[in-house]
Structure formats: C-alpha cells, structure tokens
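Novice: Below is the sequence, then the predicted model.
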Amino acid sequence: MRDGVEVFKLQKTDESEEKQVLGKSPKAGQMAVMQSAASRVFTNMYVFLPSLSFCCLNKVRLWGRRRKKGQKTREEILMLMTVPH
C-alpha cells in the first residue's frame with residue numbers, strides 16, 4: 001500500500017488483452033485496502049445482527065419463554081442450589 005499498486009490500461013486486440021502499465025499509485029492502493037476492509041465488515045453483519053436482536057428481545061422479554069407468575073428463573077434455581085442449607 002505504501003509503495004502503491006500498479007495502475008494499468010487494458011488494450012484489447014483481436015484475440016487477447018494486453019496491459020499497458022501507467023505507473024504506481026499509493027492512493028489507489030489505499031482505496032483498495034479500504035474497500036476490501038469495508039466489504040468484510042458489511043458482509044459479516046448478517047451473522048451478527050440476528051443474534052444481537054434476539055439477545056435484546058430476550059432482555060426486554062418480548063421473545064423467548066415467558067414465565068408464569070411465581071415461577072423461578074434458571075438463575076434463581078441455580079442460586080438456590082448453590083446456597084448451603
């Protein structure tokens with residue numbers, strides 16, 4: 001990225017394509033790295049967002065198992081089991 005990436009122009013001939021190197025550009029290298037980093041972040045959002053939304057819905061009790069009145073939560077049951085009698 002510091003040295004730059006090659007910038008070239010494609011020249012099409014009858015049967016093949018040839019690269020005409022125009023030079024090196026550090027700015028093009030920086031743009032390429034930024035675009036690939038951004039695409040990696042945004043393509044992984046579909047894995048992260050559903051789990052985050054379900055976690056938030058569970059915290060406000062809009063999703064998941066609802067308790068009956070007087071029913072203990074798992075945390076309360078585990079706490080009662082660990083307390084010495």
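Specialist: Done, it's in.
Novice: In a strand, residue 7, correct?
Specialist: Yes - using DSSP: H, G, I helix; E, B strand; the rest coil, the assignment for residue 7 is a strand.
Novice: residues touching it, list them.
Specialist: 21-25, 28 (Cβ atoms under 8 Å, 6 or more residues apart in numbering). Glycine gets a C-beta too; all of them are placed from N, C-alpha and C.
Novice: Return the distance of residue 14 relative to residue 20.
Specialist: In this view, residue 14 and residue 20 are 17 Å apart by Cβ to Cβ, to the nearest Å.
Novice: Looking at these two, which has the bigger crowd around it?
Specialist: Neighbour count, other Cβ atoms under 10 Å: between residue 14 and residue 20, residue 20 has more, with 8 against 4.
Novice: Please name the nearest non-neighbouring residue to that one.
Specialist: residue 9 (4.7 Å; Cβ to Cβ, 6 or more residues apart in numbering).
Novice: residue contacts, the one you found?
Specialist: Here residue 9 is in contact with 19-20, 22 (Cβ under 8 Å, 6+ apart).
Novice: please redo it, this time with the cut-off set to 10 Å
Specialist: Contact analysis of residue 9 by Cβ atoms under 10 Å, 6 or more residues apart in numbering lists 18-22.
Novice: where does this structure dip in pLDDT?
Specialist: For the chain, the stretches with pLDDT under 70 are 1, 61-68, 70-72, 74-81, 83-85.
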